[in-house]
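from the sequence below, what's the structure:
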Amino acid sequence: MTINRRDLALSALAVSTLALTTPALAASVDEDAVAKKVEAFRLAQIAADPKALGALCWDDLSYSHSSGKVEDKATFIANATDGKSKFLSIEYKDPTIKVVGPAAIVRFHWLGEQEMAADGKKVSTNLHILMNWQKQGDEWKLLSRAATKL
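Predicted coordinates:
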């Protein structure tokens with residue numbers, strides 16, 4: 001069998017192109033997976049669903065509020081589902097997702113409205129959010145979250 005230089009060059013080009021595009025495709029797949037988890041988290045917050053929130057968060061979660069209050073996973077879930085307030089809406093505007101190895105940095109503008117159970121008062125929130133998601137195996141989970149008032 002004879003292999004000419006042209007065939008060899010085309011084969012090398014095909015292999016190098018595949019090697020260069022594979023990481024980009026993997027990042028795109030991971031970005032899509034993280035985006036789905038972020039949306040599931042938003043819906044779980046609105047529903048105040050402790051089981052869904054628990055499944056989306058690492059046991060070592062660090063959840064920081066714009067007030068400076070920091071919660072671990074158990075405290076975050078307990079406070080998010082205690083019925084003292086109800087989210088009427090949460091919107092994650094202009095999200096960005098950057099996958100870096102087994103981590104994903106997610107940023108977005110949070111616009112929310114909640115109703116306080118005690119007096120029915122409605123409170124609006126306008127925040128910048130930074131989330132860090134970590135992948136283990138095929139699963140992405142929230143490792144940390146920080147909020148800043150706008």
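
quick one: the helices in the chain, in order.
Taking DSSP state H as the test, the helices found in the chain are 5-47, 50-56, 73-80.

elements contacting the last one?
The criterion is 3 or more Cβ pairs under 8 Å, 6 or more residues apart in numbering; DSSP states H and E, and the helices and strands that helix 73-80 contacts are helix 50-56, strand 57-64. Glycine gets a C-beta too; all of them are placed from N, C-alpha and C.

now the ones you listed as a markdown table including mean pLDDT and mean neighbour count?
Supplementary listing: these in a markdown table, determined by pLDDT from 0 to 100; neighbours: other Cβ atoms under 10 Å:
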| stretch | mean pLDDT | mean neighbour count |
| --- | --- | --- |
| helix 50-56 | 98 | 16 |
| strand 57-64 | 98 | 17 |
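
quick one: low-confidence parts of the protein?
Screening the chain residue by residue with the criterion pLDDT under 70, one finds the ranges 1-27.

work out which residue lies at the spatial centre of it.
The central residue of the chain, meaning the one whose C-alpha is nearest the mean C-alpha position (Cα atoms, centre = their mean), is Val38 at 3.9 Å.

please name the nearest non-neighbouring residue to that one.
Spatial nearest neighbour of Val38, excluding adjacent residues (Cβ to Cβ, 6 or more residues apart in numbering): Val106 at 5.8 Å.

cool, Ser89 as well?
With sequence-adjacent residues excluded and distances taken as Cβ to Cβ, 6+ apart, Ser89 is closest to Glu113, at 5.0 Å.

and the one you found, what does it touch?
Contacts for Glu113 were tallied using Cβ atoms under 8 Å, 6 or more residues apart in numbering; they are 87-89, 122-125.

quick one on the thing from earlier: wait, the residue nearest to Val38 touches Met131, no?
Yes. With contact defined as Cβ atoms under 8 Å, Val106 and Met131 form a contacting pair (4.1 Å).

overlap in contacts of the two?
Common neighbours of Val106 and Met131 (criterion: Cβ under 8 Å, 6+ apart): Val38.

hmm, back to that, so among the contacts of Glu113, which ones count as buried?
A residue is treated as buried here by neighbour count (16 or more other Cβ atoms under 10 Å); on that basis the buried members of the contacts of Glu113 are Phe87.
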